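Undergrad: predicted structure and sequence below. I'll ask about it afterward.
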Amino acid sequence: MFYKDERLALFIDGSNLYAAAKSLGFDIDYKLLRQEFMRRGKLLRAFYYTALLENDEYSPIRPLVDWLHYNGFTMVTKAAKEYTDSQGRRKVKGNMDIELAVNAMELAPHVDHIVLFSGDGDFRPLVESLQRQGVRVSVVSTIRSQPPMISDELRRQADNFIELDGLREVIGRPPRDPMPEHNRDSEMADD
């Protein structure tokens, strides 16, 4: 439930939202996502949290980070740490939970409603604390993936659970056509 006059803030756990959308088989159009929540209330801030591999020449997430930064999102990034686990596998660690929690607590006195895009159960105490401060909290994730991408505790704690798959038509990028229109036409003309 959203009210037109309420002050909203979005907190997007980038890797968690990406994994949830991927598990449902679609890509998110962040311009449409921002427009959807501007329509639902007075959007004050849209935060996007992600870790970046700084030592790579090219990071696949860099174009998205730059686009979001220029299109009204407040970017919160930090360098991801690379390490080798006990089996010798290369791993990357870049947890942004603390940064997201601190920003949400700082913004709480200035908003009526926070929308958290994450299914991470570690955020349950944050949601509970925000609620004690009078902030309503909606959580966006999915129970339609196998396994579900949202923890049961987080879903129960939230004032409102929004199924990501239910937003597909509103914030999903149109599926890419495997064969561009002009190629299909020229192949049909050859028949």
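TA: Okay, I see it. Numbering: from 1, shown residues only.
Undergrad: distance of Ile61 relative to Ser129?
TA: 30 Å (Cβ to Cβ, to the nearest Å). All C-beta atoms are positioned from the backbone trio N, CA, C, and that covers glycine.
Undergrad: brain fart, Ala79
TA: 28 Å.
Undergrad: of those two, who's got more company?
TA: Ser129 (15 against 11; other Cβ atoms under 10 Å).
Undergrad: quick one, helices of the chain?
TA: Secondary structure of the chain (DSSP state H): helices at 14-24, 30-40, 62-70, 97-107, 124-132, 152-157, 168-171, 181-189.
Undergrad: deepest of the ones you listed, which one?
TA: Among these, the stretch with the highest mean neighbour count (mean count of other Cβ atoms under 10 Å) is helix 14-24, at a mean of 20.
Undergrad: in the chain, which ranges drop under the pLDDT threshold?
TA: 55-58, 175-191 (pLDDT under 70).
Undergrad: in the biggest strand by length in it, which residues are buried?
TA: When the chain is parsed with DSSP state E, its longest strand is strand 42-52. By 16 or more other Cβ atoms under 10 Å, the buried positions in strand 42-52 come out as Lys42, Leu43, Arg45, Ala46, Phe47, Tyr48, Tyr49, Thr50, Ala51, Leu52.
Undergrad: which elements pack onto that strand?
TA: strand 7-13, helix 14-24, helix 30-40, helix 62-70, strand 74-79, helix 97-107 (3 or more Cβ pairs under 8 Å, 6 or more residues apart in numbering; DSSP states H and E).
Undergrad: same thing but at 7 Å, please
TA: Applying 3 or more Cβ pairs under 7 Å, 6 or more residues apart in numbering; DSSP states H and E, one finds that strand 42-52 contacts strand 7-13, helix 14-24, helix 62-70, strand 74-79, helix 97-107.
Undergrad: what's the closest of the ones you listed to Gln146?
TA: helix 14-24 (7.9 Å; Cβ to Cβ).
Undergrad: so what does that closest one touch, helix or strand wise?
TA: strand 42-52.
Undergrad: if we use 8 Å, what do you get?
TA: Using 3+ Cβ pairs under 8 Å, 6+ apart, helix 14-24 sits against strand 42-52, strand 136-141.
Undergrad: want to try CSV for those strands, with distance to Gln87 as columns?
TA: What follows is these, written out as CSV (distance: least, Cβ to Cβ, whole Å):
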stretch, distance to Gln87
strand 42-52, 22
strand 136-141, 30
